[in-house]
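Undergrad: Pasting the sequence and the predicted coordinates here, then a few questions.
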Amino acid sequence: MAHSTRLIPVTLAAAIAMATLALAAPDAGADDSGKKNGRFTAGAAGVGDVYYPLAGNGGYDVSHYDIAGRYEPATDVWSATTTIHARATADLYRFNLDFDGMVISSLSVDGKKAGWRREGAELVVVPQHKIKSGAPLTVIATYSGVPKEFVLPAGDSELRTGFMATDDGATVAGQPDVAAGWFPVNDHPRDKATYTFHVTVPEGLGVVANGFLESQQTAGGWTTFVWDAQEAMASYLATIDIGDWDVREWTTDSGLPVYDAVDPDLLADPEFGESINSSLARQGEIVDVLSDAFGPYPFSTVGAIIDDQDDLIFALETQTRPVYSKYFWPDGDGVVAHELAHQWYGDHVALEQWQDIWLNEGWATYAEWIWAEHEGFFTPQDAFDFFYAEIPEDDPFWSFVIGQPPADDLFGGPVYLRGGMTLQALRNRVGDEAFFDIARSWVSERGGGTGTTAQFIELSERVSGQQLDDLFDAWLFTDSKPTITTIAAGAADRGAVSGAARTAAADSTRAVERWSAAVEKRLAHGRY
């Protein structure tokens with residue numbers, strides 16, 4: 001869908017433009033000439049991600065973000081103070097934060113005014129005193145303006161992500177770019193942190209975020225909501241969603257607290273309301289099915305956020321509470337399984353580098369197949385057989401190398417589907433017991449941190465006791481259709497079968513076709 005430009009009063013737009021121009025030059029307090037001496041260095045401007053070299057920063061590790069802000073829907077202005085609690089990992093005379101836009105009115109380090117300057121989306125911070133490695137570090141930044149939106153190509157349309165204004169508030173979701181558009185941050189999954197959000201909005205509106213709602217208080221026509229997310233998460237997973245919500249708080253059969261927020265206009269719409277209610281009511285069942293496969297659900301709450309927003313056309317696994325497009329309904333159970341699977345693969349175990357995105361999307365796709373098997377539609381093997389047979393050797397699908405996807409097509413369709421097929425190929429090679437041991441061990445050993453493709457291969461070989469280079473080379477790093485010999489028996493021609501089995505196979509094929517059509521619809525918009 002085409003990007004719709006938000007309207008800002010001329011006086012406000014002019015003020016922001018003038019302030020931004022004024023900040024293009026170095027701040028008077030940011031002169032760090034002559035500061036470097038001895039062992040003290042500048043923190044790196046990126047963490048070393050091959051695809052996103054300026055994502056994240058070096059020299060410190062963040063433990064907690066406290067973000068306190070006020071949002072005015074009439075102007076889209078977000079006025080906030082972010083407090084960052086961190087610890088230096090090097091001797092620093094300066095360091096960087098990722099912060100793309102808005103006007104900074106004050107910035108301090110350890111209680112003292114700090115110098116700073118803008119270098120593109122990098123915020124270079126120069127404290128008054130050098131910081132020793134291992135020392136605690138507190139940064140407080142106050143700023144305001146219209147938060148950053150990102151508009152990405154998506155087929156014949158555009159994909160709108162970031163801090164997105166809606167008709168009654170805002171939705172915050174995007175990947176990999178979103179966080180630096182609304183708060184200063186070490187913006188890479190390698191530096192997970194906990195979060196507290198204090199969000200003030202006009203009375204009558206609600207706020208939904210990650211974690212638990214701790215309080216809400218109204219005074220003078222404004223309501224402040226405090227949300228606490230005390231399980232560390234990657235910065236792109238942080239969300240605050242502002243609007244008119246129908247809120248349901250409930251508990252799954254296994255005792256997991258659920259907080260769902262749905263736009264009441266959707267619930268009143270016969271096209272969406274009943275199917276949304278049905279899918280969300282099954283979250284506990286989906287979590288239980290995935291827990292059987294992957295190990296215990298990794299967080300202390302779960303839920304969903306669904307706004308009646310025409311140009312939100314994707315879903316994102318925002319931690320504990322995914323954001324969904326309304327366009328995934330009806331037939332939304334699969335996408336709920338997908339986003340909840342990401343709580344294990346993508347959220348609890350994050351990516352060490354964005355190149356390894358197949359580890360997120362492959363497992364989430366496989367989870368959809370596990371859920372389909374639970375529902376009696378088709379098995380992961382049925383899905384593998386169907387796509388292996390249906391996609392010819394000369395199809396561009398097979399030339400897409402998912403272990404090294406194009407940086408400008410990080411979420412291409414093969415990352416999802418070939419990723420899921422890679423996992424079924426692994427299952428066929430090592431057997432069910434070893435496969436699910438690998439799935440659970442990946443989460444138990446790397447949960448709370450990050451993982452790489454190389455580490456996943458090493459784990460698979462260690463658990464299975466097999467040498468698997470040929471399999472992973474063929475499925476992850478080869479620009480051609482893998483031969484059936486790379487996956488052992490089980491996915492080739494089924495041979496002679498009974499009439500009843502043929503009927504069951506035909507039914508499963510039709511179910512896979514329906515699932516494939518739904519996925520094509522989702523991916524036509526860009527990602528989920």
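TA: Structure's in. What do you need?
Undergrad: residue ranges for the strands of the stretch 101-250 of the chain, please.
TA: With DSSP state E, counting those that start in this stretch, the ranges of strands along the stretch 101-250 of the chain come out as 103-109, 112-113, 115-119, 122-126, 136-145, 149-154, 157-165, 170-173, 193-202, 206-209, 212-219, 222-233, 240-243, 246-251.
Undergrad: by contact count, what packs against the third one?
TA: Identification of packing neighbours for strand 115-119 by 3 or more C-beta pairs under 8 Å, 6 or more residues apart in numbering; DSSP states H and E yields strand 122-126. (Glycine included, C-beta is placed from N, CA and C.)
Undergrad: before we move on, what about the first one?
TA: The elements that strand 103-109 packs onto, with contact taken as 3+ C-beta pairs under 8 Å, 6+ apart, are helix 10-22, strand 122-126, strand 136-145.
Undergrad: hmm, try it at 10 Å
TA: Helices and strands touching strand 103-109, by 3 or more C-beta pairs under 10 Å, 6 or more residues apart in numbering; DSSP states H and E, are helix 10-22, strand 77-88, strand 92-98, strand 115-119, strand 122-126, strand 136-145.
Undergrad: Likewise for the fifth one?
TA: With contacts defined as 3+ C-beta pairs under 10 Å, 6+ apart, the secondary structure elements packing on strand 136-145 are helix 10-22, strand 60-72, strand 77-88, strand 92-98, strand 103-109, strand 122-126.
Undergrad: For the helix or strand harbouring F386, buried residues please.
TA: Using DSSP states H and E, F386 maps to helix 380-390. For helix 380-390, burial by neighbour count (16 or more other C-beta atoms under 10 Å) applies to 380-388.
Undergrad: Any chance of the residues you listed in a markdown table with distance to P202 as columns?
TA: As requested, the buried residues of helix 380-390 are exported to a markdown table (distance: C-beta to C-beta, whole Å):
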| residue | distance to P202 |
| --- | --- |
| P380 | 48 |
| Q381 | 53 |
| D382 | 51 |
| A383 | 47 |
| F384 | 51 |
| D385 | 54 |
| F386 | 51 |
| F387 | 49 |
| Y388 | 54 |
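Undergrad: residues in contact with the closest residue to H64 other than its chain neighbours?
TA: Among residues not flanking H64 along the chain, H85 sits closest, at 4.4 Å (C-beta to C-beta, 6 or more residues apart in numbering). Going by C-beta atoms under 10 Å, 6 or more residues apart in numbering, H85 touches 62-66, 136-139, 193-194.
Undergrad: swap in L97?
TA: Going by C-beta under 10 Å, 6+ apart, L97 touches 43, 56-57, 60, 62, 82, 84, 86, 107, 116, 121-125, 139, 141, 180, 183-187.
Undergrad: I'd like the distance between it and V519.
TA: 37 Å (C-beta to C-beta, to the nearest Å).
Undergrad: Likewise for L290?
TA: To V519, L290 is 18 Å away according to C-beta to C-beta.
Undergrad: on that earlier part again, which one of the helices and strands packed on strand 103-109 is the most hemmed in?
TA: Counting by mean count of other C-beta atoms under 10 Å, strand 92-98 has the highest mean neighbour count of the helices and strands packed on strand 103-109, with a mean of 25.
Undergrad: before we move on, the earlier item: max pairwise distance over the buried residues of helix 380-390: which two?
TA: P380 and Y388 (12.2 Å; C-beta to C-beta).
Undergrad: Could you tell me which residues touch both of those two?
TA: Residues touching both P380 and Y388 (C-beta under 10 Å, 6+ apart): 421, 424.
Undergrad: What are the boundaries of the helices in the stretch 201-350 of the chain?
TA: Here the stretch 201-350 of the chain has its helices, by DSSP state H, counting those that start in this stretch, at 264-267, 273-281, 283-294, 333-341.
Undergrad: how about these in TSV, adding mean neighbour count?
TA: Below are the helices of the stretch 201-350 of the chain laid out as TSV (neighbours: other C-beta atoms under 10 Å):
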stretch	mean neighbour count
helix 264-267	16
helix 273-281	18
helix 283-294	19
helix 333-341	25
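Undergrad: could those helices be laid out in a markdown table, adding mean pLDDT?
TA: Shown next, in a markdown table, are those (pLDDT from 0 to 100):
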| stretch | mean pLDDT |
| --- | --- |
| helix 264-267 | 96 |
| helix 273-281 | 96 |
| helix 283-294 | 98 |
| helix 333-341 | 97 |
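Undergrad: Of all those, which one is nearest D310?
TA: D310 lies closest to helix 264-267 among the helices of the stretch 201-350 of the chain, at 11.4 Å (C-beta to C-beta).
Undergrad: Just the CA trace of that closest one, in CSV.
TA: Provided in CSV are the C-alpha atoms of helix 264-267 (Å, rounded to 0.1, in the frame of the first residue of the first chain):
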residue,chain,number,x,y,z
PRO,A,264,-13.0,-2.6,19.0
ASP,A,265,-13.8,-1.6,15.4
LEU,A,266,-12.3,-4.9,14.3
LEU,A,267,-14.3,-6.9,16.7
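Undergrad: what's in contact with it?
TA: 167-168, 243-247, 272-274, 276-277, 306-309, 326, 329.
Undergrad: And those, which of them are buried?
TA: 168, 243-246, 272-273, 276-277, 306-309, 326, 329.
Undergrad: right, and the pair among those with maximum separation?
TA: Using C-beta to C-beta, the buried ones among the contacts of helix 264-267 reach their maximum pairwise distance at D168 and N277, which is 21.1 Å.
Undergrad: Tell me how far the closest residue to G447 other than its chain neighbours lies from E458.
TA: Sequence neighbours aside, H348 is the residue nearest to G447 in space, at 4.5 Å (criterion: C-beta to C-beta, 6+ apart). According to C-beta to C-beta, H348 and E458 sit 19 Å apart.
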